[in-house]
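Student: Build me a model:
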Amino acid sequence: MGENGGKRRDAARTRAELLTEATAAFAANGYSGTGVDEIAERSSTTKRMIYYYFGSKEQLYLAVIENAYRGIREAEQGLQVDGLAPVEALRRLAELTYDHHLAHEDFIRLVAIENIHRGKFISQIESLRELNAPALDLLDQLLERGREDGDFRTDVDALDVHLLISSYCVFQVGNQYTFGHLFGTDLHAPERRAHLRSMIGDVVVAWLTRGARRAAD
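Tutor: Numbering: from 1, shown residues only. This is a model prediction of the structure:
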């Protein structure tokens, strides 16, 4: 690899490391509670380097939010469902979302923080609309296939399904401490994960197929 190629690789690695550390810092303390000095210290770099790659603290925060959403969208697009029946494909997608959210708690915290700020920062990231479009496109395709097979109800759209799956999976992270305290349970206990993971798949499938069965009757 030539010198320029090595520099590009090092630059990409440095930028990725900065995003990782900034994600953890912003998720823990929010935008106003996180300083560039803290991120520099966490990443063993300098403020000057952060400004070189991102321009400002706000631009770094916007990059963190975009990168967090990119993670779940890439996971969805990597799901191989072409050879699966629509019912099984929707179940797989719901379970993948559950797995991803539990593995990326910082993503959920960032979403919660952004909602506290009433979408102040995310509204500046126009690219997120395009980035998130494939999520609904995939659901549209699966729903259409399921309707053609007579398996799925016709009065539900992709956004409805996305809302249902996302709500359940976000709750597992966002409300784990309050829910756990009130009901004396650990939502992330290893022995409960398989059950909670299968639950969202069961709910989505039952909801989508119930209407279809009624119509057939």
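Student: Find the residue ranges of this structure scoring beneath the pLDDT cut-off.
Tutor: In the predicted model, the chain carries pLDDT under 70 at residues 1-9, 211-217.
Student: residue nearest the centroid of it?
Tutor: Centroid-nearest residue in the chain: I72, 4.0 Å away (criterion: CA atoms, centre = their mean).
Student: hang on, that one packs against D99?
Tutor: No: in this structure, I72 is not within contact of D99 by CB atoms under 8 Å, at 10.5 Å. Just so you know, the C-beta spots here come from the backbone N, C-alpha and C atoms, and that holds for glycine as well.
Student: Can you report phi and psi for S43?
Tutor: phi -100, psi 0 (degrees, to the nearest 10).
Student: The nearest residue to it once chain neighbours are set aside: how many residues sit nearby?
Tutor: Nearest non-adjacent residue to S43, counting by CB to CB, 6 or more residues apart in numbering: E21, 4.1 Å away. Counted with other CB atoms under 10 Å, residues neighbouring E21 total 20.
Student: Who are the packing partners of the helix or strand containing E21?
Tutor: Using DSSP states H and E, the element containing E21 is helix 3-29. Contact here means 3 or more CB pairs under 8 Å, 6 or more residues apart in numbering; DSSP states H and E; on that basis helix 3-29 packs against helix 36-42, helix 47-54, helix 57-77, helix 105-116.
Student: Can you give me the buried ones in the second one?
Tutor: Counting neighbours by 16 or more other CB atoms under 10 Å, one finds that the buried residues in helix 47-54 are I50, F54.
Student: Give me the angle between that helix and helix 57-77.
Tutor: Interaxial angle, helix 47-54 versus helix 57-77 (axes from the mean of the first three to the mean of the last three CA atoms, to 10 degrees): 50 degrees.
Student: got the contact list for R210?
Tutor: With contact taken as CB atoms under 8 Å, 6 or more residues apart in numbering, R210 is in contact with R153.
Student: how far away is it from V87?
Tutor: Distance of R210 to V87, computed by CB to CB, to the nearest Å: 12 Å.
Student: same question, A94
Tutor: Using CB to CB, we find A94 at a distance of 11 Å from V87.
Student: Which one's more surrounded, the two?
Tutor: A side-by-side neighbour count of A94 and V87, using other CB under 10 Å, places A94 first with 25 against 19.
Student: wait, doesn't the more buried one sit right on L208?
Tutor: No: using CB under 8 Å as the test, A94 is too far from L208 to be in contact (10.5 Å).
Student: so how far is stretch 192-210 off the chain centroid?
Tutor: Computed by CA atoms, centre = their mean, to the nearest Å, the chain-centroid distance of stretch 192-210 equals 18 Å.
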